[in-house]
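Novice: Just a sequence and a predicted model for now, questions to come.
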Amino acid sequence: DGIVDKFIGDAVMALFTNPESALDAAVALVKAVHRLETPMGHIRLGVGVHTGRAVLGTVGTANRLETTAIGDVVNTAARVESMTRHLGSNVLCTQAVADAVGQPVRYLGQYRVKGRRSLVGFYQPLAVYDDAVRAQVDGAAEDFASVVQFLDEGGVPPCTALESYREQVPADPVAHALVGILERRSNNSF
């Protein structure tokens, strides 16, 4: 239910008819790319998904016209994608997407992103994890929710719930990213 709108350097912008299809495609893309092996190892990619109204039309000049989507929804999706490296998840989505989809997602907290006055809530689709890690994530969900609440309240290290979560789910890259966020926060740089 989607189309590739454009290639921007090493990025791809795709448009979908609904958020469920967009999130399904993002998870499928990450899983497919993860199976690829290159001489330099696995390819890491980040996908940001947001939903809303966009303006579709032709932009440019007589010498170079292109059809594209523009608007706040496009800018926000790009900002969501840029947070994948900070939050340790290959796929992130916003509250608007989380509210519109039927698949399980977990809340990762609210963060400030470039171009937005208010904080943006970030969510991760749990389908990105294999069954073994997913079982661990589900089993430690209460500790993880405590960590996110601590972060949302402006907490700085130490965070005993985060240490407990990391012991229960050592393979979760989001936990390692949250450690970094807390450390930067204690140094007043995030």
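Specialist: Alright, I've got the coordinates. Numbers count the residues shown, from 1 in each chain.

Novice: Count the residues that sit near the residue lying closest to residue 129 once chain neighbours are set aside.
Specialist: Distance criterion Cβ to Cβ, 6 or more residues apart in numbering; nearest residue to residue 129, sequence neighbours excluded, is residue 137 at 6.0 Å. Every C-beta, even on glycine, is put in place using the N, C-alpha and C of the backbone. Residue 137 has 23 neighbours, counted by other Cβ atoms under 10 Å.

Novice: tell me the contacts of residue 137?
Specialist: 106, 126, 129, 144, 169, 172 (Cβ atoms under 8 Å, 6 or more residues apart in numbering).

Novice: Helix, strand, or coil at it?
Specialist: Recorded secondary structure, residue 137: helix (DSSP: H, G, I helix; E, B strand; the rest coil).

Novice: so what's the residue nearest to the spatial centre of the chain bridging to?
Specialist: For the chain, the residue nearest the mean C-alpha position is residue 92 (1.7 Å; Cα atoms, centre = their mean). As for beta bridges, residue 92 partners with residue 48 under DSSP bridges.

Novice: Distance check, it against residue 148.
Specialist: Using Cβ to Cβ, to the nearest Å, residue 92 is found at 14 Å from residue 148.

Novice: likewise residue 53?
Specialist: Distance, residue 53 to residue 148, by Cβ to Cβ: 29 Å.

Novice: Neighbour count for those two, which is higher?
Specialist: Taking neighbours as other Cβ under 10 Å, residue 53 and residue 148 compare with residue 148 leading, 19 against 9.

Novice: Isn't the more buried one up against residue 107?
Specialist: Yes. In terms of Cβ atoms under 8 Å, residue 148 counts as a neighbour of residue 107; the distance is 5.8 Å.

Novice: pLDDT weak spots in this protein?
Specialist: Scanning the chain for pLDDT under 70 picks out 189-190.

Novice: now the strands for it?
Specialist: For the chain, the strands defined by DSSP state E occupy 2-8, 11-16, 47-49, 55-61, 64-70, 91-94, 105-111, 120-125.
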